[in-house]
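Student: Predicted coordinates and the sequence they were generated for:
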Amino acid sequence: HSIFHLYEDEQRHYKLTDVLELHMLECSKFRLIPFDIHDPLHRWLRFLEQQTTPEQLEELMKMDETIKIAEARLAYLASDEVLRRHYEAREKALHDRATLLEEHEEDLQEARKEAIQQGLKQGIEQGIERGIEQGIERGIEQGIERGIEQGIERGIEQGIERGIEQGIERGIEQGIERGIERGIEQGLERVARNMLDRGCDIATIVQFTGLTANQIEKLVRQG
């Protein structure tokens with residue numbers, strides 16, 4: 001049994017991919033060595049041998065569940081029409097189950113995308129509000145002199161204007177960052193609630209949302 005990979009011609013150490021492999025099995029040599037039923041490769045090569053006896057096949061199926069499945073599928077090819085219909089019905093059921101799982105994955109991705117979008121929107125809104133608040137504070141510090149001259153009321157108004165001009169960049173950056181974090185967290189909590197409503201277990205929700213188990217248990221308690 002030899003295994004080959006693809007490497008770049010000039011840089012021999014550079015492998016193209018670890019997904020593609022070429023396996024070469026020399027069956028003629030297999031027939032010349034002692035058979036070892038504990039070796040998976042030996043079991044499969046014997047299974048593929050045309051000279052394998054029913055007793056040997058039975059022994060292989062008892063030892064290896066995958067060989068048992070393979071033999072069942074081969075038997076299906078030679079089965080009668082009724083058995084074939086039962087088999088096809090089972091295959092369709094497995095296919096339908098896989099399709100439902102894929103659809104659930106798509107729903108989850110859509111929910112995550114929607115949550116992120118809503119989180120970003122809410123984060124920006126909260127960021128602007130906090131940015132303006134911080135801008136007011138900075139505006140009061142830098143505009144206090146003119147504010148005192150024109151009165152507290154005018155001073156607050158001009159402080160807001162100057163605060164927005166001089167503090168908006170830093171305020172928005174900090175505010176958006178905090179807002180996005182909170183928004184994303186709220187969005188993920190919404191996704192987690194939806195998944196809880198669909199009957200997903202906590203481990204699956206942790207895997208797809210990144211929330212901790214304690215956070216999800218808190219959502220369960222909140223109802």
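Tutor: Sure thing, it's come through.

Student: Run through the strands of this structure in chain order.
Tutor: Using DSSP state E, the strands found in the chain span residues 2-4, 22-24.

Student: Now do the longest helix belonging to the chain: distance to the chain's middle.
Tutor: If you go by DSSP state H, the chain has its longest helix at helix 81-150. Distance of helix 81-150 from its chain centroid, counting by CA atoms, centre = their mean, to the nearest Å, is 15 Å.

Student: elements contacting that helix?
Tutor: Counting contacts by 3 or more CB pairs under 8 Å, 6 or more residues apart in numbering; DSSP states H and E, helix 81-150 is packed against helix 65-77, helix 152-197, helix 202-209. For glycine as for every other residue, the C-beta is placed from the backbone atoms N, C-alpha and C.

Student: weakest of those helices by average pLDDT?
Tutor: Looking at those, the lowest mean pLDDT belongs to helix 152-197 (a mean of 78).

Student: what comes up buried for stretch 152-167?
Tutor: Neighbour counts over stretch 152-167 (16 or more other CB atoms under 10 Å) mark 155, 158, 159, 160, 162, 163, 164, 166, 167 as buried.

Student: ok, these vs residue 128, which is closest?
Tutor: Taking CB to CB as the measure, residue 128 lies nearest residue 164 of the buried residues of stretch 152-167, at 10.2 Å.

Student: Most remote residue from the middle of the protein, which is it?
Tutor: Ranking residues of the chain by C-alpha distance from their mean position (CA atoms, centre = their mean) puts residue 149 at the top, at 60.6 Å.

Student: State the pLDDT value of the nearest residue to residue 70 once chain neighbours are set aside.
Tutor: Among residues not flanking residue 70 along the chain, residue 47 sits closest, at 7.1 Å (CB to CB, 6 or more residues apart in numbering). The predicted structure scores residue 47 at 92 on the pLDDT scale.

Student: In contact with residue 47, which residues are there?
Tutor: By CB atoms under 8 Å, 6 or more residues apart in numbering, the residues touching residue 47 are 57, 60, 67, 70, 71.

Student: Most neighbours out of these, which is it?
Tutor: If you count neighbours using other CB atoms under 10 Å, the busiest of those is residue 60, which has 20 neighbours.

Student: I figured it hits residue 43, correct?
Tutor: Yes - in this structure residue 60 lies within contact range of residue 43 using CB atoms under 8 Å: 5.4 Å.

Student: Now do the shared contacts for the two.
Tutor: Here residue 60 and residue 43 share the contacting residues 37, 67, scored by CB under 8 Å, 6+ apart.

Student: returning to what we had before: any idea how far the residue nearest to residue 70 is from residue 53?
Tutor: Distance, residue 47 to residue 53, using CB to CB, to the nearest Å: 12 Å.

Student: same check, this time on residue 207
Tutor: In terms of CB to CB, residue 207 sits 48 Å off from residue 53.

Student: Check residue 145 too.
Tutor: Distance of residue 145 to residue 53, given as CB to CB: 104 Å.
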